[in-house]
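Engineer: with the input below, show me the fold.
(4 chains)
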4 protein chains.
Amino acid sequence: MSGSKYAYVKGYELPDTILPNTYIVVRIDGRAFHRLSQEHSFVKPNDERALSLMDHAARDVMDEFKDVVLAFGESDEYSFLFRKSTAVYKRRHAKILTTVTSLFTSSYVFNWSRYLPEAPLKYPPSFDGRIVLYPSSQDVRDYFAWRQVDTHINNLYNTTFWALVQQGGESTTQAHQILKGTVSKAKQEILFSRFNINYNDTPERFRKGSVQVREEITANPEIDETSGKHRKTDLRVESRIVSHHCDIIKDDFWIARTHLLA
Amino acid sequence: MSGSKYAYVKGYELPDTILPNTYIVVRIDGRAFHRLSQEHSFVKPNDERALSLMDHAARDVMDEFKDVVLAFGESDEYSFLFRKSTAVYKRRHAKILTTVTSLFTSSYVFNWSRYLPEAPLKYPPSFDGRIVLYPSSQDVRDYFAWRQVDTHINNLYNTTFWALVQQGGESTTQAHQILKGTVSKAKQEILFSRFNINYNDTPERFRKGSVQVREEITANPEIDETSGKHRKTDLRVESRIVSHHCDIIKDDFWIARTHLLA
Amino acid sequence: MSGSKYAYVKGYELPDTILPNTYIVVRIDGRAFHRLSQEHSFVKPNDERALSLMDHAARDVMDEFKDVVLAFGESDEYSFLFRKSTAVYKRRHAKILTTVTSLFTSSYVFNWSRYLPEAPLKYPPSFDGRIVLYPSSQDVRDYFAWRQVDTHINNLYNTTFWALVQQGGESTTQAHQILKGTVSKAKQEILFSRFNINYNDTPERFRKGSVQVREEITANPEIDETSGKHRKTDLRVESRIVSHHCDIIKDDFWIARTHLLA
Amino acid sequence: MSGSKYAYVKGYELPDTILPNTYIVVRIDGRAFHRLSQEHSFVKPNDERALSLMDHAARDVMDEFKDVVLAFGESDEYSFLFRKSTAVYKRRHAKILTTVTSLFTSSYVFNWSRYLPEAPLKYPPSFDGRIVLYPSSQDVRDYFAWRQVDTHINNLYNTTFWALVQQGGESTTQAHQILKGTVSKAKQEILFSRFNINYNDTPERFRKGSVQVREEITANPEIDETSGKHRKTDLRVESRIVSHHCDIIKDDFWIARTHLLA
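Structural biologist: Okay, the predicted model is just below:
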């Protein structure tokens, strides 16, 4: 008995190489996390434990994929930016996409009990993922700006909504009604006038999301005593992942980290 | 502040619809499971606990995706067959692929401690996945035959190899040397003559892999007393998942289950 | 000076292999043929010369591509069916698509003067093309049925419309108005009652379109005197292209030509 | 009879949108032009009439597609650059590819007799085409450099080869033998020492290929007497296509025409 008779079916596996020199963004999204958050009594509007768990899973992805230079997370979604020159898995679409999604999922489940020990996981949560390609650095900046604007809009809404419910004694229906059609300014006004909350003083983590950056560090280079120069072998570039909850819409963030889009 | 300025980046998400009327196979594979099996002391050549965990994760996928009618697992891989008419997620490639891969991964980690309580999971394991499309039912049959032949070849090799090492006192190097270039018959001969093992008496689970079938059951239809006919509302078709370790190469399996390829 | 420095750009040419074992249909459509027909005074509602030119170009495509077993043309469009096992150009999408489209275009221009000598070609006409894949033989039959139904619908409309204009003295606006919302039966009634035209007696070419079939002929096999069998070398299957204007919706056509979908 | 029953087959036409903000290059290549050149007695090593015909067909493509800003031709191939922001045909891959290929083919056949009146076209020539995407302007520059380097290499070889055959009395076999493995310098040396030909004095058309540029012209803007400014409506940018046989590898060409890569 030999496999050769059937091996022709392998010929149906078609190549799915990603265009070279293009930024690869993998975005994963929690599936049915509304239910997950209810079943495990997530704190509203933001559960810091759950967000920290997301961050942990994201760092595990970045530890595995050295070509992920930036990741941004909010709520139950996370976006990963691969440097445009990455040759990981020969840029095979499905391979990159599924490996990132699977590793993120695995880490999320594996580390759950560390972040939410009071709420044992009741069933296996899952994520979907997609790859979006961006040809230019401006596209990439606008992508992350898009996600951070989304973070802001959602968080302001949720913060006001839950203040109305938890502190204002409104029903969820009433709270929705009150907020319907309001602009940002009006929501901030409600927060301040009714609950004495200055939105800009709420935690940056909630307002800005999580920004995980691969920072490059030129490792501790010794000076050669004879030549007065660095020894070539010492000039390794090392990297470490640094977490921020900062603005990534304005120029400052990117100007300080030109290697991200290089 | 509005999201609209940046929302154009969503236009880079391109459609990835799968050709209609085509069988969709999702195959997931363990990443670096050689290391995983060593770090967690999997029994050689087959660890029934680990295989049962794979089966459990596969059933979780089938519970979620009613259009998966058949799944086949061996070692650290599993293949899922969607009926060719499936409209799940509007047949979006990445959505189907990542959700299956993520859910499988999640269930695997979530249920690990149930199957391997003696070997606490040390780090998050992950899987990659791919979609392969098959236009005809013969293609699909040959795909699963290809995987089951592979199961047989690998298992016979591994069974003989570990018999040589564990019972025969050979080093792994010697065992590889002994088996190099041997055909199936020769390996079976070694098993029988040196270890008194009749390969065909070893567990079917190891020789045939795991076959998970969605069996359709027409639910207990009552006869209407007046008309003498079934009540229309009773003619629900229900399904349940049944596990086998049986031959899926020969015709019998498929003839008995024509709905799988319908 | 060497090419190697720039040759990396060739790496941006990504593979585009078509799924094996799937029927490939290439459909080409005339671009702006409304204008072309006016500028060259095509006879209305059907110009037999122009249709014959289309047929000629289609046969040139079939002469070049032996794996095209069937072609169907109507008005300014033509569909070509490649046998599902074709390995032409290693099933590369763009290569197949552009070659068929280009050859059709070239033949159309090259042979124009032969079919419309009274109307010298004023400018270069062009076609667009697309590939559609069909996994099953039923899909393919329904595809061609779809095109032939379209032929019927358009031709009945146009025949009635131009009878109203050319013989009935209606303006084109009035003719459109008269036909608006009418079903087939009503149009046939107008043709018969006002113009004594029995639609079913109009030329089949116009009502059915053009069907070009590759018929297989087992070439002139001699019987070996000694063995009483055919000589193996004589059993060549040859093919020739036969034109029809026949029904391809009902079973008869396909039952008589099972090789088309084999 | 209605089309609706079969119209489902249209659902097999899958979207093929091209990634936004990416340069689109369409390259067409003559099929079997070796035979075409022999059957129609093309002058060797370069037939200016045939090259001019290619240029004409390319300009017809550029006249139709205003978003083609640059085209480069050599021998029997032509490359067309669409501006990266083009929205032509909603960036549908097959539509763009086939229309360009068909129009080029059509113009080539249509205009043949104008350029080669002494050699009536014997049969319909055809071209294949492909789309290659380039994300960055540097990629695009390197693509065109790659093609022009190719022009140089082929032309130098052919020029020397045919000098050896036509003027040197060598057989084609001998000529191949003489040139085998030679570098550029050696070929130029042969041309000069044996035939007194200074390669750099041969026509630029042959050495550099054909460069068709869409030049933008701000049309005749009148100054408003009152305001002293241009009238807004006069500031139309018009374009015309200009032919060159110039270097497109060095910076100069591109610096003078920054709009090409904008």
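Engineer: assign a three-state SS to residue A:168, would you?
Structural biologist: coil (DSSP: H, G, I helix; E, B strand; the rest coil).
Engineer: cool, residue A:214 as well?
Structural biologist: Secondary structure, three-state DSSP: residue A:214 is strand.
Engineer: neighbours of it, just the number please.
Structural biologist: 21 (other C-beta atoms under 10 Å in any protein chain shown). Every C-beta, even on glycine, is put in place using the N, C-alpha and C of the backbone.
Engineer: what's the spacing between it and residue A:67?
Structural biologist: Look at residue A:214 and residue A:67: by C-beta to C-beta, to the nearest Å, they are 9 Å apart.
Engineer: likewise residue A:39?
Structural biologist: Distance, residue A:39 to residue A:67, using C-beta to C-beta: 36 Å.
Engineer: likewise for residue A:261?
Structural biologist: From residue A:261 across to residue A:67, the span is 13 Å (C-beta to C-beta).
Engineer: one more: residue A:176?
Structural biologist: Look at residue A:176 and residue A:67: by C-beta to C-beta, they are 43 Å apart.
Engineer: can you pick out the residue with more neighbours from residue A:39 and residue A:67?
Structural biologist: residue A:67 (17 against 14).
Engineer: which non-adjacent residue is nearest that one?
Structural biologist: Nearest residue to residue A:67 in three dimensions, chain neighbours excluded: residue A:86, at 3.8 Å (C-beta to C-beta, 6 or more residues apart in numbering or on different chains).
Engineer: again, but for residue A:93
Structural biologist: Leaving aside its sequence neighbours, residue A:93 is closest to residue A:16 (4.1 Å, by C-beta to C-beta, 6+ apart).
Engineer: which residues touch that neighbour?
Structural biologist: Residue A:16 sits next to A:92, A:93, A:94 when contact means C-beta atoms under 8 Å, 6 or more residues apart in numbering or on different chains.
Engineer: I'd like to know which of those are part of strands.
Structural biologist: The strands, defined by DSSP state E, take in nothing from the contacts of residue A:16.
Engineer: show me where pLDDT drops low in the stretch 101-250 of chain A?
Structural biologist: Along the stretch 101-250 of chain A, segments meeting pLDDT under 70 span A:218-237.
Engineer: that one against chain B: which residues are in contact?
Structural biologist: A:101-103, A:105-111, A:121, A:123-134, A:139, A:142-143, A:145-146, A:149-150, A:152-153, A:184 (C-beta under 8 Å from any C-beta of the partner chain).
Engineer: which residues of the stretch 151-262 of chain A fall in helices?
Structural biologist: Under the criterion DSSP state H, counting those that start in this stretch, the stretch 151-262 of chain A contains helices at A:172-179, A:184-195, A:204-208, A:251-255.
Engineer: just those: most buried one?
Structural biologist: Counting by mean count of other C-beta atoms under 10 Å in any protein chain shown, helix A:204-208 has the highest mean neighbour count of the helices of the stretch 151-262 of chain A, with a mean of 19.
Engineer: packing partners for that helix?
Structural biologist: Contact here means 3 or more C-beta pairs under 8 Å, 6 or more residues apart in numbering or on different chains; DSSP states H and E; on that basis helix A:204-208 packs against helix A:137-166.
Engineer: how about the strands in chain A?
Structural biologist: So, for chain A - with DSSP E - the strands run A:23-30, A:68-74, A:77-82, A:127-134, A:210-218, A:237-244.
Engineer: so which of the ones you listed is nearest chain C?
Structural biologist: Each of the strands of chain A has some distance to chain C by C-beta to the nearest C-beta; the shortest is strand A:127-134, at 12.1 Å.
Engineer: can that closest one be said to contact chain C?
Structural biologist: No: using C-beta under 8 Å from any C-beta, strand A:127-134 stays clear of chain C, coming no nearer than 12.1 Å.
Engineer: hmm, that strand touching chain D?
Structural biologist: Yes: Strand A:127-134 reaches chain D (C-beta under 8 Å from any C-beta) through A:133, A:134.
Engineer: hey, what's the angle from that strand to strand D:127-134? Just curious.
Structural biologist: 100 degrees (axes from the mean of the first three to the mean of the last three C-alpha atoms, to 10 degrees).
Engineer: return strand A:127-134 as CSV; C-alpha atoms alone will do.
Structural biologist: Extracted C-alpha coordinates of strand A:127-134, given in CSV (Å, rounded to 0.1, in the frame of the first residue of the first chain):
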residue,chain,number,x,y,z
PHE,A,127,-11.2,34.5,17.7
ASP,A,128,-11.4,35.1,14.0
GLY,A,129,-8.6,36.7,12.1
ARG,A,130,-7.9,38.5,8.8
ILE,A,131,-5.0,39.8,6.9
VAL,A,132,-5.1,43.3,5.4
LEU,A,133,-2.3,44.5,3.2
TYR,A,134,-1.1,48.1,3.2
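Engineer: and it, what's buried?
Structural biologist: A:127, A:128, A:129, A:130, A:131, A:132, A:133, A:134 (16 or more other C-beta atoms under 10 Å in any protein chain shown).
Engineer: kindly state the pLDDT recorded for the nearest residue to the last one once chain neighbours are set aside?
Structural biologist: Pointing back at residue A:134 there. What sits nearest to residue A:134 in space, not counting adjacent residues and going by C-beta to C-beta, 6+ apart, is residue A:23, at 4.3 Å. We have a pLDDT of 98 for residue A:23.
Engineer: ok, residue A:23 to residue D:192 distance?
Structural biologist: Distance from residue A:23 to residue D:192, by C-beta to C-beta: 50 Å.
Engineer: ok, residue A:60 to chain D distance?
Structural biologist: Per C-beta to the nearest C-beta, to the nearest Å, residue A:60 is found 29 Å from chain D.
Engineer: list the contacts for that residue?
Structural biologist: By C-beta under 8 Å, 6+ apart, the contact list for residue A:60 reads A:103, A:104, A:107, B:124.
Engineer: which non-adjacent residue is nearest the first one?
Structural biologist: To tie it back to what came earlier, the one meant is residue A:103. Spatial nearest neighbour of residue A:103, excluding adjacent residues (C-beta to C-beta, 6+ apart): residue B:126 at 4.3 Å.
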